[in-house]
Structure formats: C-alpha cells, structure tokens
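K.L.:
sequence below, structure please.
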Amino acid sequence: MTTERTFGIIKANAVQNGHVGAILAAIEGAGFQLRGMRMARLTPELCKGFYAEHVGKGFYPGLEAFMTEGPVVLLCLEAENAIQRWRDLMGATDPAKAAEGTLRKSYGESLTRNATHGSDSPVSAAREVSYFFSAFDLV
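P.N.:
Numbers count the residues shown, from 1 in each chain. Modelled structure (predicted):
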C-alpha cells in the first residue's frame, strides 16, 4: 500500500443539515490526514468545469442546481490507499443501498442528495484536487 491523496466534498445538504463536524470526525477517526480544506459556494461555471463529462446529460441541470444551492466543504485527504478507503467510508452512491455506518447511509437523503463526493481513481483524484486547490493550499 502507498500513501495517496484523494478529493472529497461534503455536499450542500450535509452542510445545511449540520453534519460537517460529524463527517470530519469520521474522516479523522478513519485515519485520514486533512491536507486541504475550505468551505466554498460553487458557481455554475465551477460546476461545469468540475463535472465537464456530465454537461449535456439529462441529469446535469439538477446536479448543478444541487451543488450550487449552498456552501460545500472541499477536502484533500491523505492516507494509505486513500481513494478506496474514502469511497468505502462514504458508502454506496445511493444511501438506501449503502452499508450501515457509512457517511451516505447516515447523512445522505437520496441518490442525488447523497451528502459526499469522492474521487474514483488516481487520475480523477489528481484532477479534482488540483481543480480546487493550488499547491500552496495543501499541507
């Protein structure tokens, strides 16, 4: 196993519902190091760049509306096997199908309002971290 970095978002619904502290506690409790973190309000332009592969798909307008409806918390996490471990901690994309104790099971509301986002590969992790954080933002 190697130490790696991954990207995460605590989505607008989890922020609005007051779950940031609990999610951060779970992240730290699972052994992740926070290497970058900031709260932001995403704009439609930022969403279009971040979700470029989805622009033009039928679900994209709803995704953009959700991701811009309120503040989110952007994260750069580091740990051994961070990408897979973060995905495991988040749980299945659909909270109804997520395992007990996962973040999406605990804090997600639906398939589209699932509380957290995480990179799915080393390539996407590198792209997503650098999309929201400069080298000067990370420790």
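K.L.:
for residue 86, grab phi and psi.
P.N.:
Main-chain dihedrals, residue 86, degrees, to the nearest 10: phi -70, psi -40.
K.L.:
list the contacts of it.
P.N.:
Counting by C-beta atoms under 8 Å, 6 or more residues apart in numbering, residue 86 touches 6, 8, 32, 77, 79, 118, 119. Where you see a C-beta, it was placed from the backbone N, CA and C, and this is true even at glycine.
K.L.:
mark which of those are buried, thanks.
P.N.:
6, 8, 32, 77, 79, 118, 119 (16 or more other C-beta atoms under 10 Å).
K.L.:
all helices of the protein, in order?
P.N.:
Along the chain, counting by DSSP state H, helices occupy 12-16, 20-29, 44-50, 60-67, 82-90, 103-107, 122-132.
K.L.:
deepest-packed of those helices, please.
P.N.:
helix 103-107 (a mean of 22; mean count of other C-beta atoms under 10 Å).
K.L.:
could you give me the average pLDDT of that one?
P.N.:
Per-region confidence: helix 103-107 scores 98 on mean pLDDT.
K.L.:
equivalent analysis for stretch 13-33, please.
P.N.:
98.
K.L.:
please apply the same query to stretch 77-86.
P.N.:
98.
K.L.:
return that stretch as CSV; C-alpha atoms alone will do.
P.N.:
Coordinates of each C-alpha in stretch 77-86 appear next as CSV, following Å, rounded to 0.1, in the frame of the first residue of the first chain:
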residue,chain,number,x,y,z
LEU,A,77,-7.5,13.7,2.2
GLU,A,78,-4.3,11.7,2.6
ALA,A,79,-3.9,8.1,3.8
GLU,A,80,-2.7,4.7,2.8
ASN,A,81,-5.0,3.6,-0.1
ALA,A,82,-6.9,6.8,0.4
ILE,A,83,-9.1,6.7,-2.7
GLN,A,84,-10.6,3.3,-1.9
ARG,A,85,-10.8,3.9,1.8
TRP,A,86,-12.6,7.2,1.3
